[in-house]
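Undergrad: what follows is a predicted structure for the sequence shown.
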Amino acid sequence: MATRQTQLLARSLLTPAVALLFIWMIVPLALTLYFSTLHYSLLDPGSESFVGLENFRYFLTDPAFLASLQNTLVLVGSVLALTILLGIPLALLLDQPVVGRNIVRLMVIAPFFVMPTVSALVWKNLLMHPVSGLFAWIAKVFGLTPIDWFNDLPLFAVILIVSWQWLPFATLILLTALQSLDEEQKEAAEMDGASAVSTFIYITLPHLARPITVVILIETIFLLTVFAEIFVTTGGGPGLQTTNIAFLIYSQALIQFDVGSASAGGLVAVVIANIVAFFLVRIVGRNLEA
Amino acid sequence: MGQITLVDVQKSFGPVHIIKGADLDISDGSFVVFVGPSGCGKTTLLRLIAGLEDVSGGKILIDGKNVVDTPPAKRGLSMVFQSYALYPHMSVRGNIGFGLKMAGLAKDEINRKVEAAAATLNLTPYLDRKPRELSGGQRQRVAIGRAIVREPKAFLFDEPLSNLDAALRVQMRLEVTRLQKQLGTTAIYVTHDQVEAMTMADKIVVLNGGKIEQYGSPLELYERPNNLFVAGFIGSPKMNFVTGEHAQQQGAITIGVRPEHLKIERGGTTGWPGTISVAEHLGSDTFLYVDGGPLGMLTARYIGELSLNPGDKVSLTPEPNRIHRFDGSGNAIRA
């Protein structure tokens, strides 16, 4: 990009791709904006009419909205906490020289490659099923009553499934960060008389601050939109106990067939995501500087 | 106190013997330099003394106490690493004081000691900066500060100046030497640079292939090298080696003459004849690379300027009492 000519060339070559991406993004957003101002029910085709902000009022005053907002935040927060708190020790373990380390690492990474619907089904039918699940069998071996996960602890069950899926991601990022920790720094700490715990607190953990930030930011983006796991396991229930914003929008559009209200909800979700992103960047983004 | 004695110290990584039995006696307060080509085991030997590697055999005595089973922090040594290994997220103050903090000292005592060390090293204005905000020389000084603040029995330096540019290296060389004399603490210094070794050391350990080739003062090594390796390694430019007829006349298999001990005569006939292939004029010195025919390439050094050019015929005469004689296995023959 040294000269004006190459800059011009680069820009003109980039333009089609950028334009396509822009249209790809802006058309759905514009349509959503448009639909959100309409009375638009799939049960009543042809009756579309402009209603102003009525859909927003309807969506925001729906008691389901606050419940699902709370569920979303609990889900995101819990999964973040679980993946990082378990990811750090796991990464530390995988950083140790053990026989077959590459195979162990591959297996740890594996859940990340299982698609959400499949892993949710596996958890639902093979592990957490109150009659035929593995957990139920273990409980019975110890003479306990099996837990009916999706009825008694539905949100917790979803959190477990999603955490299982995202733990490999956190572990992988933290592991690569651990491998970039200067060996001489650890030796210097050893010469300075630091115990293993002190070395972890004063040397390793500060070194991990930045990758932890990356994990939090990236996971948050995806965790705000968790859908498949809920759809496959609980369908948002019982009641509204596992309905998050994404699932609420889905149910507005394709269970209640109210496209207008769902569009309004979609825009609300965009705003919420931006609020969360704003605070996240303020709080943890400092670690990304320098 | 900081007397360090190595008794038959050995180290092998699997089947590879890195250190093949090192015996060494380092007296309190002396500045000892380990020097040798890369892969000679000098850094490994330092790390064995530091306790960062376990010995495979032998004993390491610090002030008469065998420390081979003592963890690094308890040996009372401190180390300056090649990469400095500063803690990037801690301020200079935190870096220098970390060892004291780990030792459980009170906060104001740590501050007092850190500030004293920083004053010695001219680091006081930088105490609250992070390492990334410092220049290379300042980082180097922080690493040294971290070492001196613990008042160790000995400093261990692992090629600490190799990341600095040439001018700064000369300056830090002086500073390190001065600091060591001022504190009177034993120092072990690893380098591959024989100029550093010659200028800084009280005593030099020349290592080659995991063995100590010679241990002595810089001038001892220069004037009386034990063998061909030490003769070739110490001194710059390298010593000239001549084999064959000329060596046999001296009763040796190989004779060595340093470039500065060759008398240069234009077109003369008394010494070894040769043709200049390259002449380097530095003003203060003139280095001549002479094609000596059957003698091979010879290097000659003249103090001052000598107006000779490539292609000129010269004859080189070694100073008779400056000829080093070596036997068939490369060991020095002493008269």
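TA: That came through, no problem. What you are looking at is a predicted structure, and each value in this text was computed from that prediction instead of being measured.

Undergrad: tally of neighbours for the closest residue to B:His89 other than its chain neighbours?
TA: With Cβ to Cβ, 6 or more residues apart in numbering or on different chains as the measure, A:Pro206 is the residue that lies nearest to B:His89, at 4.1 Å, once sequence neighbours are left out. For glycine as for every other residue, the C-beta is placed from the backbone atoms N, C-alpha and C. Neighbour count for A:Pro206, taken as other Cβ atoms under 10 Å in any protein chain shown: 14.

Undergrad: ok, now A:Leu86?
TA: A:Leu86 has 15 neighbours, counted by other Cβ under 10 Å.

Undergrad: could you find the closest non-adjacent residue to it?
TA: With sequence-adjacent residues excluded and distances taken as Cβ to Cβ, 6+ apart, A:Leu86 is closest to A:Leu167, at 5.8 Å.

Undergrad: spell out which parts of the stretch 51-200 of chain A neighbour chain B.
TA: A:182, A:184-185, A:187-195, A:198 (Cβ under 8 Å from any Cβ of the partner chain).

Undergrad: now which of these would you call buried?
TA: By the neighbour-count criterion of 16 or more other Cβ atoms under 10 Å in any protein chain shown, those include these buried positions: A:182, A:184-185, A:187-194.

Undergrad: now, these that are in helices?
TA: In this view, these that belong to helices under DSSP state H are A:184-185, A:187-191.

Undergrad: where's the residue lying closest to B:Leu288 once chain neighbours are set aside, which helix or strand?
TA: Nearest residue to B:Leu288, sequence neighbours excluded (Cβ to Cβ, 6+ apart): B:Ala300, at 4.5 Å. B:Ala300 belongs to strand B:297-303 when elements are defined using DSSP states H and E.

Undergrad: what residues of that strand count as buried?
TA: Judged by neighbour count using 16+ other Cβ under 10 Å, the buried positions of strand B:297-303 are B:298-302.

Undergrad: could you check the pLDDT of the residue nearest to A:Ser195 when sequence neighbours are not counted?
TA: If the residues on either side of it in the chain are set aside, A:Ser195 comes closest to B:Met102, at 7.8 Å by Cβ to Cβ, 6+ apart. For B:Met102, the model assigns a pLDDT of 88.

Undergrad: thought B:Met102 was touching A:Met191?
TA: No: counting by Cβ atoms under 8 Å, no contact exists between B:Met102 and A:Met191, whose distance comes to 10.1 Å.

Undergrad: and the contacts of stretch A:185-194?
TA: Outside stretch A:185-194, the residues within contact range by Cβ atoms under 8 Å, 6 or more residues apart in numbering or on different chains are A:198-199, A:202-203, B:50, B:52, B:71-74, B:77-79, B:81, B:85-87, B:98-99, B:102-103, B:146, B:150.

Undergrad: picking up where we left off before, which of the buried residues of strand B:297-303 sits closest to chain A?
TA: Checking the buried residues of strand B:297-303 against chain A with Cβ to the nearest Cβ, the nearest one is B:Thr299 at 38.1 Å.

Undergrad: ok now do that closest one, which residues does it touch?
TA: Contacts of B:Thr299 were listed using Cβ under 8 Å, 6+ apart, and they are B:237-238, B:240, B:259, B:287-290.

Undergrad: if we can go back for a sec, and the contacts of stretch A:185-194, which are buried?
TA: Burial of these was assessed by neighbour count (16+ other Cβ under 10 Å); the buried members are A:199, A:202-203, B:50, B:52, B:72-73, B:77-79, B:81, B:85-87, B:98-99, B:102, B:146, B:150.

Undergrad: now restrict the contacts of B:Thr299 to buried residues only.
TA: For these, a neighbour count by 16+ other Cβ under 10 Å gives the buried set as B:240, B:259, B:287-290.

Undergrad: hey, C-alpha coordinates of stretch B:250-258 in CSV?
TA: The C-alpha atoms that make up stretch B:250-258 are tabulated as CSV, following Å, rounded to 0.1, in the frame of the first residue of the first chain:
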residue,chain,number,x,y,z
GLN,B,250,61.0,-25.7,17.4
GLY,B,251,60.5,-29.3,18.6
ALA,B,252,56.7,-29.2,18.3
ILE,B,253,54.0,-30.6,16.1
THR,B,254,52.2,-27.2,16.0
ILE,B,255,53.4,-23.8,16.9
GLY,B,256,51.2,-20.8,17.5
VAL,B,257,52.1,-17.1,17.1
ARG,B,258,49.7,-14.3,17.9
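
Undergrad: tell me which element the closest residue to B:Lys59 other than its chain neighbours is part of?
TA: The spatial neighbour of B:Lys59 that comes closest, neighbours along the chain excluded (Cβ to Cβ, 6+ apart), is B:Val7 at 4.3 Å. Taking DSSP H and E as the definition, B:Val7 sits inside strand B:4-13.

Undergrad: flag every residue of chain B that's near chain A.
TA: Counting by Cβ under 8 Å from any Cβ, the residues of chain B lying close to chain A are B:50, B:52, B:71-74, B:77-79, B:81-83, B:85-90, B:98-99, B:102-103, B:132, B:146, B:150.

Undergrad: which ones among those residues lie within helices?
TA: With helices defined by DSSP H, the entries of these inside them are B:50, B:98-99, B:102, B:146.

Undergrad: which strands or helices does the helix or strand containing A:Thr199 pack on?
TA: Under the criterion of DSSP H and E, A:Thr199 resides in helix A:196-199. The contact analysis (3 or more Cβ pairs under 8 Å, 6 or more residues apart in numbering or on different chains; DSSP states H and E) places helix A:196-199 against helix A:183-191.

Undergrad: now tabulate the residues of the stretch 51-200 of chain A next to chain B in JSON lines and tack on distance to B:Arg173.
TA: Below are those laid out as JSON lines (distance: Cβ to Cβ, whole Å):
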{"residue": "A:Asp182", "distance to B:Arg173": "25"}
{"residue": "A:Glu184", "distance to B:Arg173": "22"}
{"residue": "A:Gln185", "distance to B:Arg173": "25"}
{"residue": "A:Glu187", "distance to B:Arg173": "24"}
{"residue": "A:Ala188", "distance to B:Arg173": "22"}
{"residue": "A:Ala189", "distance to B:Arg173": "27"}
{"residue": "A:Glu190", "distance to B:Arg173": "27"}
{"residue": "A:Met191", "distance to B:Arg173": "23"}
{"residue": "A:Asp192", "distance to B:Arg173": "25"}
{"residue": "A:Gly193", "distance to B:Arg173": "29"}
{"residue": "A:Ala194", "distance to B:Arg173": "30"}
{"residue": "A:Ser195", "distance to B:Arg173": "35"}
{"residue": "A:Ser198", "distance to B:Arg173": "34"}
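
Undergrad: now do the helices in chain A.
TA: Applying DSSP H to chain A gives helices spanning A:4-35, A:54-61, A:63-94, A:101-109, A:116-122, A:134-141, A:149-152, A:154-179, A:183-191, A:196-199, A:205-223, A:228-233, A:245-254, A:259-284.

Undergrad: with only the CA atoms kept, save the second one in PDB.
TA: Same thing as helix A:54-61. C-alpha atoms of helix A:54-61 as PDB (Å, rounded to 0.1, in the frame of the first residue of the first chain):
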ATOM      1  CA  GLU A  54     -46.900  -0.500  19.500                       C
ATOM      2  CA  ASN A  55     -44.900  -3.700  18.900                       C
ATOM      3  CA  PHE A  56     -42.100  -2.400  21.200                       C
ATOM      4  CA  ARG A  57     -44.600  -1.500  23.900                       C
ATOM      5  CA  TYR A  58     -46.100  -4.900  23.600                       C
ATOM      6  CA  PHE A  59     -42.800  -6.700  23.700                       C
ATOM      7  CA  LEU A  60     -41.200  -4.700  26.500                       C
ATOM      8  CA  THR A  61     -44.300  -4.900  28.800                       C
END
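
Undergrad: that one - what's its average pLDDT?
TA: Per-residue pLDDT values over helix A:54-61 give a mean of 84.

Undergrad: where in chain B is the helix or strand with the lowest mean pLDDT?
TA: Lowest mean confidence among the helices and strands of chain B (mean pLDDT, DSSP states H and E): helix B:245-249, at a mean of 84.

Undergrad: fine by me, thanks again.
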